[in-house]
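Asker: I need the structure of the sequence given here:
(one chain, ligands or ions: 1)
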Amino acid sequence: MNRSEALSIVEPHLTKERFEHTVRVADTALTLAGLYGESQKKVEIASIFHDYAKYRPLDEMERWITTSYLPKDLLSYHHELWHGPVGSLLIDQEHGIKDEEIKSAVYCHTTGKANMSKLDMIVFVADYIEPGRDFPGLNEVRDMAEKDLLKTAWMVSRNTINYLIHKQTSIYPDTFHAYNDLTKQLYGGN
Ligand SMILES: Nc1ncnc2c1ncn2[C@@H]1O[C@H](COP(=O)(O)OP(=O)(O)O)[C@@H](O)[C@H]1O
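Answerer: The predicted structure is shown next:
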């Protein structure tokens, strides 16, 4: 599947704004792939499909979570978190994308997780820093993305946790797992 085939598959599933976001995430992710030596092909497909399930009806996503191998604890957290895991399942079922590395990057693009691969981190970071985003502290993250991918993924997980604490919302544990794992890799300790 090439870039234009992938884009034409996802476009009908997204709003115009979300499709434009997807194209920017793909371009950002490809730049990171060049900087950090990751497969352009995998990065392209994972980033183009990252929001594939974003607009599925909630009852359909709930059904997929209930009836598949996906973790049931997702249902106890905000439904905004469901589209990554459900998307990783649907790109396989509906488009035969079986590459586990690509499915993993789609799965964890919102929350991160422990032991993220380079591909996981690239999509996780690209979704956060793409040029359409604008929030406090973003320039610091964008600067770091040119220097150190691990440190950038750490900043994204740290900022997300801080933001959610500030909003007084519950936090799906995968983001803590990402933060803890990246902290140990960067700074050592237990
Ligand atoms: N671990 C988490 N627990 C709860 N909410 C989270 C977690 N990680 C991210 N979020 C929130 O989920 C929402 C959806 O994130 P995302 O998929 O990046 O959507 P968008 O691309 O629309 O910003 C954001 O508001 C984000 O802050």
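
Asker: Look up the pLDDT of Gly137 for me, please.
Answerer: Looking at Gly137, its pLDDT stands at 89.

Asker: Look up how far Arg133 lies from the closest residue to it other than its chain neighbours.
Answerer: Once flanking residues are discounted, Gly137 sits nearest to Asn159: 6.1 Å by Cβ to Cβ, 6 or more residues apart in numbering. No exception for glycine: its C-beta is placed from N, CA and C like everyone else's. Applying Cβ to Cβ, to the nearest Å, the value for Asn159 to Arg133 is 11 Å.

Asker: who's in contact with the helix or strand containing Asn159?
Answerer: Element membership for Asn159 (DSSP states H and E) is helix 149-166. Contact partners of helix 149-166, identified using Cβ atoms under 8 Å, 6 or more residues apart in numbering, comprise 32, 35-36, 111-112, 116, 118, 121-122, 124-125, 128-129, 137, 140-141, 144-145, 170-171, 175-176, 178-179, 182-183, 185-186.

Asker: what about the helices in the protein?
Answerer: Remark: helices assigned in the chain by DSSP state H are 3-10, 16-36, 40-48, 58-67, 83-95, 100-107, 118-129, 138-145, 149-166, 173-187.

Asker: Need the CA coordinates for the fourth one. PDB is fine.
Answerer: Output in PDB follows, covering the C-alpha atoms of helix 58-67 (Å, rounded to 0.1, in the frame of the first residue of the first chain):
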ATOM      1  CA  LEU A  58     -18.900   4.700  20.700                       C
ATOM      2  CA  ASP A  59     -21.100   1.600  20.900                       C
ATOM      3  CA  GLU A  60     -19.200   0.000  18.100                       C
ATOM      4  CA  MET A  61     -15.800   0.700  19.800                       C
ATOM      5  CA  GLU A  62     -17.200  -0.600  23.100                       C
ATOM      6  CA  ARG A  63     -18.300  -3.800  21.300                       C
ATOM      7  CA  TRP A  64     -14.800  -4.300  19.800                       C
ATOM      8  CA  ILE A  65     -13.200  -3.800  23.200                       C
ATOM      9  CA  THR A  66     -15.600  -6.200  24.900                       C
ATOM     10  CA  THR A  67     -15.300  -9.000  22.300                       C
END
